[in-house]
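**Student:** I need the structure of the sequence given here:
(one chain, ligands or ions: 2)
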Amino acid sequence: MKVYHFDFRCYRRRFLQPLVTSHGMWHSREGIIIHLGDPRGSYGRGEIAPISWFGSETLKQALDFCCKLPREITEEVIFSIPDSLPACQFAFESALSGMGKWPVREDSFPLFPSSSPPDAESLTYTGLLPAGKAALNQWKTLWKRGYRTFKWKIGVDGTTKELEIFELLTRSLPPAAKLRLDANAGLSYEEAKFWLEICDHVQTNVEFIEQPLPVQKFSEMLELSANFKTAIALDESVATLTQLQDCFEKGWRGIFVIKPGIAGSPSRLRQFCQQHKIDAVFSSVFETSVGRQAALQLAAELSRSNRSVGFGMNNSLESAEHSLFKC
Ligand SMILES: O=C(O)CCC(=O)c1ccccc1C(=O)O
Ligand SMILES: [Mg+2]
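**Tutor:** Ligands and ions are numbered 1, 2, ... in the order given. Predicted coordinates:
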């Protein structure tokens, strides 16, 4: 049985602009970078980047887990991390599968790579627009950088105001553009119907509305998905693999947003996606380059060719310096 030396560090980095969603404002990203090393000097790294308001464990739960682990661990330990710690499952498994793929270095705990590997070329990326009317200018900048699909947060302000902006936005977007609307569970049933109705009749290609209703309103979303042309993508409802399996069993055959960073075991996620051939859209959890690389690798394997991935906001993070500290 192989034994790995385990170590970890915390990080915290501020968003250049706070992220505004229907859940409120999000100012900084905190997480844990883990390190597994073997006696030959090979090592692998992984990232624990929880979002507890979205359905993963809290950072404190993840930290407690790391603090209680011994410094020498086996694969058995990694594959028995409980489903209640999905962000930890992702980090440890991806560190294990990345073993030996990193250059051997002297120091046992290297900092973030000075140059991160290029993002997977086989993928296309969705650009994340800021909430509110800032989106009206921002899409042009993203368009110039090559983005053709945009994601805009709704359910943040009043429906009337958002519909006004939506109208301006859809009138200015070129015909080749696609738009995703992310309500982050912030709409009422009536508002969701209203948005779907409008999207069904607008010129712009609205690819889908993401998580219009709260997680408990599964049957309503199932019904809405049957009654409108505009597709619905579940996101908060399928934050973890356990939830994803549950929604699939309950009959969801629409789009599933998958955030590998909090979904849980990547090997079980891969198996589920391949077995059921689900329509998956992969998305970031605003992780650092460590988690991003592992998540994009899964996305490249499992995305359908017509679905761009939601990893568009990397440059809104203060990315140059994110120090690691003992926690
Ligand atoms: O990185 C991206 O472009 C999209 C990621 C995104 O929107 C998101 C990131 C973290 C938490 C929740 C969400 C969401 O989709 O609601
Ligand atoms: Mg979402």
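**Student:** So the nearest residue to Val285 once chain neighbours are set aside, which state does it fall into?
**Tutor:** Computed as C-beta to C-beta, 6 or more residues apart in numbering, the closest residue to Val285 that is not its neighbour in sequence is Gly261, at 3.9 Å. Yep, even glycine has a C-beta here, placed from its N, CA and C like the rest. Three-state assignment for Gly261 (DSSP: H, G, I helix; E, B strand; the rest coil): helix.
**Student:** Hmm, Leu298 and Gly261 touching each other?
**Tutor:** No: between Gly261 and Leu298 no contact is recorded; they are 10.0 Å apart, counting by C-beta atoms under 8 Å.
**Student:** Neighbour count: those two, which is higher?
**Tutor:** Under the criterion of other C-beta atoms under 10 Å, the comparison of Gly261 against Leu298 puts Gly261 first, with 29 against 22.
**Student:** near ligand 1, which residues of this structure?
**Tutor:** When proximity is defined by C-beta under 6 Å from any ligand atom, the chain lies next to ligand 1 at 51, 54, 126, 128, 182, 184, 235, 283-286, 310-313.
**Student:** The residues you listed: which ones sit near ligand 2?
**Tutor:** Filtering the residues of the chain next to ligand 1 for proximity to ligand 2 by C-beta under 5 Å from the ion leaves 182, 235.
**Student:** Of all the residues of the chain next to ligand 1, the one with the weakest confidence?
**Tutor:** The lowest pLDDT within those belongs to Met313, with 63.
**Student:** Now for the closest residue to ligand 2 within the stretch 201-327 of the chain: which residues touch it?
**Tutor:** Using C-beta to the ion, Asp235 is the residue of the stretch 201-327 of the chain that sits closest to ligand 2, at 3.7 Å. Counting by C-beta atoms under 8 Å, 6 or more residues apart in numbering, Asp235 touches 182, 184, 210-211, 257, 259, 283.
**Student:** Select only the buried ones of these in PyMOL?
**Tutor:** Buried residues among these (16 or more other C-beta atoms under 10 Å), as a PyMOL selection:
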select buried, resi 182+184+210+211+257+259+283
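**Student:** Switch the contacts of Asp235 over to JSON lines; also include distance to Ile165.
**Tutor:** JSON lines is the format used below for the contacts of Asp235 (distance: C-beta to C-beta, whole Å):
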{"residue": "Asp182", "distance to Ile165": "14"}
{"residue": "Asn184", "distance to Ile165": "17"}
{"residue": "Glu210", "distance to Ile165": "17"}
{"residue": "Gln211", "distance to Ile165": "19"}
{"residue": "Val257", "distance to Ile165": "23"}
{"residue": "Lys259", "distance to Ile165": "26"}
{"residue": "Ser283", "distance to Ile165": "23"}
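**Student:** Mind checking which of the contacts of Asp235 are in strands?
**Tutor:** Restricting the contacts of Asp235 to those inside strands, with DSSP state E as the criterion, leaves 182, 210, 257.
**Student:** Touching, the last one and Glu210? I think so.
**Tutor:** Read it as Val257. Yes: counting by C-beta under 8 Å, Glu210 is a contact partner of Val257 at 6.2 Å.
**Student:** Excluding chain neighbours, what is closest to the residue in the stretch 151-300 of the chain that ligand 1 sits nearest to?
**Tutor:** Distance from ligand 1 to each residue of the stretch 151-300 of the chain (C-beta to the nearest ligand atom) is smallest for Ser284, at 3.6 Å. Taking C-beta to C-beta, 6+ apart as the measure, Ser284 lies nearest to Phe311, with 4.5 Å between them; neighbours along the chain are not counted.
**Student:** And Val77, by the same measure?
**Tutor:** Counting by C-beta to C-beta, 6+ apart, the residue nearest Val77 is Leu69, at 7.1 Å.
**Student:** what separates the one you found from Phe92, distance-wise?
**Tutor:** Note on Leu69: its distance to Phe92, by C-beta to C-beta, to the nearest Å, is 9 Å.
**Student:** And for Asn306?
**Tutor:** Between Asn306 and Phe92 the distance is 32 Å, computed by C-beta to C-beta.
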